[in-house]
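**Q** Kindly generate the corresponding structure for this input.
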Amino acid sequence: MQFTLWDMLSNLLLAARWTLGLTLLAFVCGGAAGLALLALRVGPYRPGRVAAKLYIEAFQGTPLLMQLFLVFFGLPLFGVEVSPWLAAGVCLTLYASAYLGEIWRGCVEAIPQGQWDAGAALGLHYLRQLRLVILPQALRIAIPPTVGFLVQLLKSTAVTSVIGFRELTRIGEIMTNATFRPFAVYGLVALIYFVMCSPLTAYARSLERRLGARSQRV
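**A** All right, here's what the predicted structure looks like:
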């Protein structure tokens, strides 16, 4: 069977939906878990800070590929069957939570201590200080690195092809085996990744310039 360039592109674009869906799932769920890690990481309770730090170091200090293998191939050894979709979603969510939690911790710690003291003077307990006083200020600092990490997360979904998850890279491999045209197929794969990532990268750089200019005026 002969595949035209349009046939290859249409199949790859269909696969890109799963890439975007997995990225969105991991970013949203990882962001929620990252907020919990942030609250522990900058909190007043030492056991919580230590536990959050160990969690973050574990996921930042090991390759995402190894984490995927542990979930997808390791859990069945204990009688837990895991589908490629579930393994990819869980691993990327945990991976995103560790990185987002650490990114946001740096943004929170960039806020002067006086802001915490002001919240305490108003009678706010720790979580209310964080939610009402600190996070609104840290948000402005956090947006550019968060968008930058989203680009990294989108590209990291390619790793899930090794466990058979049918995202963009995996369908590219299948199309290459069917057409024997690796340059054309992977060229289209690279182009689709570029089209998805380039606007986010440009947006992150624009935010950095804008926020940098504001801080200089202040």
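
**Q** Do you have the helices of the protein handy? List them.
**A** 5-41, 46-60, 64-69, 84-109, 113-121, 126-129, 135-156, 168-179, 182-217 (DSSP state H).

**Q** With respect to Pro76, which of those lies nearest?
**A** Pro76 sits nearest to helix 84-109 of all the helices of the chain, at 10.2 Å, using CB to CB. Where you see a C-beta, it was placed from the backbone N, CA and C, and this is true even at glycine.

**Q** tell me how far that closest one is from the chain's mean position?
**A** The chain centroid and the centroid of helix 84-109 are separated by 6 Å under CA atoms, centre = their mean, to the nearest Å.

**Q** circling back to that earlier point, determine which stretch of the helices of the chain is the most buried.
**A** Highest mean neighbour count of the helices of the chain: helix 84-109, a mean of 21 (counted as mean count of other CB atoms under 10 Å).

**Q** Point out the other helices and strands that it packs with.
**A** In terms of contacts (3 or more CB pairs under 8 Å, 6 or more residues apart in numbering; DSSP states H and E), helix 84-109 is packed against helix 5-41, helix 46-60, helix 64-69, helix 135-156.

**Q** got the angle for the last one vs helix 5-41?
**A** Here the directions of helix 135-156 and helix 5-41 differ by 140 degrees (axes from the mean of the first three to the mean of the last three CA atoms, to 10 degrees).

**Q** need the contact list for Leu130.
**A** Contacts for Leu130 (CB atoms under 8 Å, 6 or more residues apart in numbering) come out as Ala39, Val42, Val108.

**Q** mind checking pLDDT for it?
**A** On pLDDT, Leu130 comes in at 85.

**Q** before we move on, back to that, can you tell me which of the contacts of Leu130 is nearest Val50?
**A** Using CB to CB, the contacts of Leu130 come closest to Val50 at Val42, 12.9 Å.
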